[in-house]
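Asker: what follows is a predicted protein model with its sequence.
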Amino acid sequence: MAKLELKEIRHSFPVKKQLQPVLGDISLTVGEGEFVSLIGPSGSGKSTLFHIIGGLIKPTAGEVWLDGKQVTGEKGLIAYMPQMPALFPWRSIEANVALGLEVAGESRSSALEKAREWLPKVGLGGYEREYPHVLSGGMQQRVAFLRALLSPQELMCLDEPFGALDALTRLEMQAWLLSIWEQNKRSILFITHSIEEALFLSDRIYVLSNKPSTVLEELHVPFARPRTEAVMLEPAFIDMRQHIQRLLRKERANV
Ligand SMILES: Nc1ncnc2c1ncn2[C@@H]1O[C@H](COP(=O)(O)OP(=O)(O)OP(=O)(O)O)[C@@H](O)[C@H]1O
Ligand SMILES: [Mg+2]
């Protein structure tokens, strides 16, 4: 049974009294314990799709199903990391990380304890009692990532979680996410602009078109797990990378 099913999702935003279609017709699934990535042109509606999955926006048409139940418009069912870190400036770093657990009903003290245990693992040991404004953009992103990671919901939706990181930290975080995911296999839906990141991490990749977006292609990523960076040098990896690059380049020419 698929954990998440999006059925024929369409969405339009009112712009200057006209409806502008953003999501054309999106159907996709994320299976139990599966790692699925979405890649597509800027403005194709990926973040909008996450807002729909999280119940923040009601789609113009279509349905969201989670664990076999229709949940369109319902909030609080997914662990979500937005594209902008969205930290609360009046909460300390540890209290920001603890928030997802607290909202889900865990006691403040045990949520804080977990936050303190995990912060050093993303290179933020020593910043527990600081406030978000003292962190760089990439550091804030890691705090938001940790908050989503520690939230208890089975499905995690991560919107370009590593976009603001330098190349080496990004590789480190990817490998770290893979090792955590390989241990506990939560379902993940992951937005990225990096073709290599999508290929390195995912079981499947959906490539989206320009808006109003549809699924251009669904790819199964065949590389064995556990994966290491070495996979990026395999000929099959390079072939798939070029294939996706060509798809996206063709889309860009269609703007
Ligand atoms: N609240 C809104 N009102 C009107 N238009 C919106 C709203 N939110 C998003 N849009 C429009 O919908 C389109 C898709 O936006 P969205 O943020 O979902 O794209 P995206 O695929 O996440 O892009 P990126 O890769 O740059 O993050 C854009 O044209 C954007 O201007
Ligand atoms: Mg986006």
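Answerer: Ah, there it is. Ligands and ions are numbered 1, 2, ... in the order given.

Asker: before we move on, which element is Leu6 in?
Answerer: According to DSSP states H and E, Leu6 maps onto strand 2-15.

Asker: for that strand, packing partners?
Answerer: Helices and strands touching strand 2-15, by 3 or more Cβ pairs under 8 Å, 6 or more residues apart in numbering; DSSP states H and E, are strand 18-31, helix 46-53, strand 61-66, strand 187-191. Yep, even glycine has a C-beta here, placed from its N, CA and C like the rest.

Asker: try it again with 6 Å
Answerer: Other helices and strands packing on strand 2-15, by 3 or more Cβ pairs under 6 Å, 6 or more residues apart in numbering; DSSP states H and E, are strand 18-31, strand 61-66.

Asker: so for ligand 1, which of these sits nearest?
Answerer: strand 18-31 (4.2 Å; Cβ to the nearest ligand atom).

Asker: ok, the residue nearest to Ala104 when sequence neighbours are not counted to ligand 2 distance?
Answerer: Excluding the flanking residues, the one nearest Ala104 by Cβ to Cβ, 6 or more residues apart in numbering is Pro152, at 4.9 Å. Distance of Pro152 to ligand 2, computed by Cβ to the ion, to the nearest Å: 25 Å.

Asker: all further residue positions should be reported with the first residue as 7.
Answerer: Sure, I'll start numbering at 7, so the last one becomes Pro158.

Asker: quick one, phi/psi of Pro158?
Answerer: Dihedral pair for Pro158: phi -80, psi -10, per degrees, to the nearest 10.

Asker: count the neighbours of it for me.
Answerer: For Pro158, the neighbour count with other Cβ atoms under 10 Å is 12.

Asker: in this structure it contacts Glu108, no?
Answerer: No - Pro158 is beyond contact range of Glu108, at 10.9 Å (criterion: Cβ atoms under 6 Å).

Asker: tell me which element the nearest residue to Ser48 once chain neighbours are set aside is part of?
Answerer: Spatially, and ignoring its direct neighbours in sequence, Ser48 is nearest to His199 (7.5 Å; Cβ to Cβ, 6+ apart). Following DSSP H and E, there is no helix or strand that holds His199.

Asker: cool, and the one 4 residues further on?
Answerer: With the criterion set as DSSP H and E, the secondary-structure element containing Glu203 is helix 201-207.

Asker: try Ala242
Answerer: Assigned by DSSP H and E, Ala242 belongs to helix 241-259.

Asker: and Tyr212, how many neighbours?
Answerer: Neighbour count of Tyr212, defined by other Cβ under 10 Å: 23.

Asker: can I assume it is in contact with Glu223?
Answerer: No - in this structure, Tyr212 is not within contact of Glu223 by Cβ under 6 Å, at 7.7 Å.

Asker: any idea of the mean pLDDT for the helix holding Ala242?
Answerer: Averaged across helix 241-259, the pLDDT comes to 96.

Asker: that one near ligand 1 at all?
Answerer: No - legend: contact between helix 241-259 and ligand 1 by Cβ under 6 Å from any ligand atom is lacking; minimum distance shown is 11.6 Å.

Asker: what does stretch 159-174 give?
Answerer: No - shown here: stretch 159-174 not in contact with ligand 1 (Cβ under 6 Å from any ligand atom), separated by at least 6.7 Å.
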